[in-house]
Every structure is written in C-alpha cells, then in structure tokens.
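[1] Build me a model from this:
(2 chains)
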Amino acid sequence: GNSVTQMEGPVTLSEEAFLTINCTYTATGYPSLFWYVQYPGEGLQLLLKATKADDKGSNKGFEATYRKETTSFHLEKGSVQVSDSAVYFCALSDSSNTGKLIFGQGTTLQVKP
Amino acid sequence: NAGVTQTPKFRILKIGQSMTLQCAQDMNHNYMYWYRQDPGMGLKLIYYSVGAGITDKGEVPNGYNVSRSTTEDFPLRLELAAPSQTSVYFCASSQGTQNTEAFFGQGTRLTVV
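    Here you go, the predicted structure:
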C-alpha cells in the first residue's frame, strides 16, 4: 500500500541554519505530494505541494522537489527563523481523486535564537 | 472566514461513555475527513465523506461512526469510549481532487480515563 516515511525528530537548529527534512514515499501510480505545517496549538496548514515529477513546490522560503527516481520529496530552507518552529508533515494524495491524505509521522523542528 | 470549525477543543471522557465531536465548514466543500493524531504516528484517516449522505471508512474506523446530512456538517460519534481512543482529532475538508489543499480545523484533544 501507499506510505510516507519522514526522518525522525526532533530537529534542533540555530537561527539562520540550513534545514533539510527528508521524506520518501511508496505509491502506485502518480501521487501528489504535500508538506503541511502545524504550529503549536493549531491545526495543519498547507506549506507547499507538487503534483508531478520534477515539480518544485515553494512557499515562505521553503522548497521541495518531487523526485520520482528516488521517490523523495525533501523539505529545505536556506535560513531558518525562530518562527519556523513547528511540526512538519509530509503527505501524499493518491490517484483515487477523493483527496484522502497519507501522512508521514511528522518531524518537530525547534529553532533557537 | 471561519473555514473548518471543530467543537469542543478539549474533552475528558470516562471509559464506556459516548460523545459526538462536531465539525462544520463554510467553504462549500463536498469532501470532508476525520483524522486522528497520535504522538509520533502522524495522522490516520478514520472516516471520510464525498458528499451529503455518502460516507466511507478510512484506515482506522473501528469504534467510531459518522453521518453527513448536510454539506456543511460532519460529526464523529464515539460509542463506548476506550483508552485507545485518547488522541487529538482533526476534521478537514477539501474540493476532493488529488491536487487540492485540505483545510483543517484546530483539533479536539480527547482523553479517555
């Protein structure tokens, strides 16, 4: 079946450090890929997405590229801020066209000043 | 814009009690979902609905029931609460296609003691 695997956290970085959170997936067909972010005490919100191979999603300085050959969708940011502290979820939506999401386990990011 | 509204935000139940988690959306989305979030496990789909009167099971439906009498509302019913149902519950809605964003409520933290 379809699945998503994320690197385990927590990840602790100093402000302005480079961030990478790894995500790999297993899926049949051609899924769409997403990164959602959950700030403390809030629900999830979409950070970025990519819908086909080699697409790059980007938002708020975050980027991720849909790599079909390595079945990966790693999240990167060149310079993190304290306000980026949150839980990040990688997810896929399969071709069933029901919008159902399969999530990775989440990675907690803490950025220290 | 209210988006997706969940009530209550917190609840403590005793084993064997029942309750209904409420969810309402004002975006006229046909597709709605219930997920549960357990520590270190990501989100798992409980039930989903593709429109009023139509519901289907997700990955972890046991112990739960849903109904969808209107486009706006998608309540989740817990019968005979068990400690294993201690979790954070998120309701979400979307337009339902593979590529579209899901909008999440702020969650309900449920503890069964």
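[2] The residue positioned nearest the centre of chain B: what's its closest spatial neighbour, skipping adjacent residues?
    With distances taken as Cα atoms, centre = their mean, B:Trp34 lies nearest the centre of chain B, 2.9 Å away. Spatial nearest neighbour of B:Trp34, chain neighbours left out: B:Ile46 (4.3 Å); criterion: Cβ to Cβ, 6 or more residues apart in numbering or on different chains. Where C-beta positions appear, they are placed from N, C-alpha and C, glycine not excepted.
[3] how many neighbours does that neighbour have?
    For B:Ile46, the number of neighbouring residues by other Cβ atoms under 10 Å in any protein chain shown comes to 24.
[4] can you name the farthest residue from the center of chain B?
    Most peripheral residue of chain B (Cα atoms, centre = their mean): B:Asn99, 21.1 Å.
[5] Give me every residue in chain A lying close to chain B.
    A:4, A:31-32, A:34, A:41-46, A:49, A:51, A:89, A:93-106 (Cβ under 8 Å from any Cβ of the partner chain).
[6] Buried among those residues? Make that a ChimeraX selection.
    Here is the ChimeraX command that selects the buried residues among those (16 or more other Cβ atoms under 10 Å in any protein chain shown):
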select /A:4,31,32,34,43,44,46,49,51,89,93,94,98,99,100,101,102,103,104,105,106
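[7] Assign the residue nearest to the centre of chain B to helix, strand or coil.
    strand (DSSP: H, G, I helix; E, B strand; the rest coil).
[8] Quick check, A:Met7 in contact with A:Thr108.
    No: applying Cβ atoms under 8 Å as the test, A:Met7 and A:Thr108 come out as separate, 11.0 Å apart.
[9] residues from chain B in reach of chain A?
    B:4, B:31, B:33, B:35, B:40-45, B:48, B:50, B:58, B:90, B:92, B:94-102, B:104-107.
[10] Filter the residues you listed down to the ones in strands?
    B:4, B:31, B:33, B:35, B:43-45, B:48, B:50, B:90, B:92, B:94, B:104 (DSSP state E).
[11] show me where chain A has strands.
    Going by DSSP E, chain A shows strands at A:3-6, A:11-14, A:19-21, A:23-26, A:32-38, A:44-50, A:56-59, A:62-65, A:75-77, A:86-93, A:101-103, A:107-112.
[12] Any chance of the ones you listed in CSV with distance to B:Leu13 and mean pLDDT as columns?
    Converted to CSV, the strands of chain A look like this (distance: least, Cβ to Cβ, whole Å; pLDDT from 0 to 100):
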stretch, distance to B:Leu13, mean pLDDT
strand A:3-6, 31, 95
strand A:11-14, 34, 97
strand A:19-21, 35, 97
strand A:23-26, 35, 97
strand A:32-38, 24, 96
strand A:44-50, 24, 96
strand A:56-59, 38, 97
strand A:62-65, 38, 98
strand A:75-77, 36, 98
strand A:86-93, 25, 96
strand A:101-103, 25, 94
strand A:107-112, 27, 96
